Each structure stands twice: as C-alpha cells, then as structure tokens.
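Participant: just a sequence and a predicted model for now, questions to come.
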Amino acid sequence: CKILEIMYNLKDRKGGAMMKIQIENERKFRAIKGPIGGLTDGAEIVQWYVCVKPAIRVRVENFRDSFLTIKIKLAPGVNLELEGKIPFFLRKGLVRFQKHRKVRKTRHKIGRLEIDVFSWELEGLVLIEFEQKFSGEHFEIPVNFLVKEVTGDARFSNHNLCQLDKIPERWRCQDVSRGL
C-alpha cells in the first residue's frame, strides 16, 4: 500500500521516524447505563478509514492534531499498531480516500479508562476501553456504570461502526446522570 510506504518513510525535523510501533492489548466494554451527561473535559475526535483491511484510519483530535494509524489484529483485543502524527496537508489529501462514514465521538478519560461517547449516526453508543500494560491487569469500571464486555466483538470496532446508518436500539446507553 503506497500510504504505508509514505508514512514509514516520513521523518520528523530531527530525522527520526514519525511512526511508532506497539502492541495494543485492550479490553472493551459497551455501557448499558452510566452518568454520561455528567462527563466533562472530553476530546473531540473525528476519524475515517482510507482502508479497511488492514484498518488504516485518519484521526483528528480537537480539530487540530491529526494521526494516521494502521491496526493489524493479532488476537481478540490484541493489535499491532503503527501510529504517527501527520501534517495538515496530508490529512486533507487523505479525505479523498475515505471509505464509509466518519466516526464522531467525544473521548473522556478517567484514570487509564477511555470513555467514548459517540455522536451523529452512532448517537447513544458509549464504549469504555482499558489498555492493559500486561495481560490480566486489574482495573475497575466506575461504580455508576453498568457494562457488557465486547472485547473481540468485531461489531464494536470503529472500522465496522463507520459502516452503520444508526446503532441498534439495544446498544443505546441509558444516561443516569440526573439521579446523581
């Protein structure tokens, strides 16, 4: 893929590689109930895919920082991830290669948990992710959330979510922030 070759060969101002390579080991949960309206200070994220196999996405955070990410699934919840910051002109050019819809969400962080509250076509979907430093690492979902684990369920990968017109009603998170 020509995009991979370009990204791999991009260098920063000091001549270093712009792509970092890591193994991502995460657990993912769908929120059934939670205090969504009480979440604050989130990062606005818009992302789209230029290739689905392998998953190659462009992510824009807070309308300024842009990243190109390549994910290769190794096992359920485990991916080889290559990621690098990209300049505006490259982001703008990659819009032409967009597959399917853009995914729009607000990412809130509580400790090392990431809570993604989706909008537009995916309005009502809330996913919580925890990136493990080692397999079996202990963590806790906030007590006010009721969740179902969806680690390894391909329906909840962003590159599959971007193909939906809307989410199934049973995926919608019930906001219980009013009672807190």
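Facilitator: Here it is on my side, so go on. Numbers count the residues shown, from 1 in each chain.

Participant: so Phe134: helix, strand or coil?
Facilitator: coil (DSSP: H, G, I helix; E, B strand; the rest coil).

Participant: got the phi and psi for Cys173?
Facilitator: phi -80, psi 130 (degrees, to the nearest 10).

Participant: Ile115 and Lys105 touch, don't they?
Facilitator: No: proximity of Ile115 to Lys105 does not meet the contact threshold set by C-beta atoms under 8 Å, at 9.6 Å. (Each C-beta comes from the backbone N, C-alpha and C, glycine too.)

Participant: would you mark the buried spots in stretch 104-119?
Facilitator: 104-108, 113-118 (16 or more other C-beta atoms under 10 Å).

Participant: and the contacts of that stretch?
Facilitator: Here stretch 104-119 makes contact (C-beta atoms under 8 Å, 6 or more residues apart in numbering) with 31, 34, 36, 39-46, 103, 120, 122, 124-131, 139, 141-142, 161, 167.

Participant: could you do stretch 37-55 as well?
Facilitator: 1, 3, 56-63, 69-72, 94-95, 97-108, 115-117, 157-159, 162, 175, 177-178, 180.

Participant: re the thing from before, tell me which two of the buried residues of stretch 104-119 sit farthest apart.
Facilitator: Largest separation among the buried residues of stretch 104-119 by C-beta to C-beta: Arg104 and Leu113, giving 20.2 Å.
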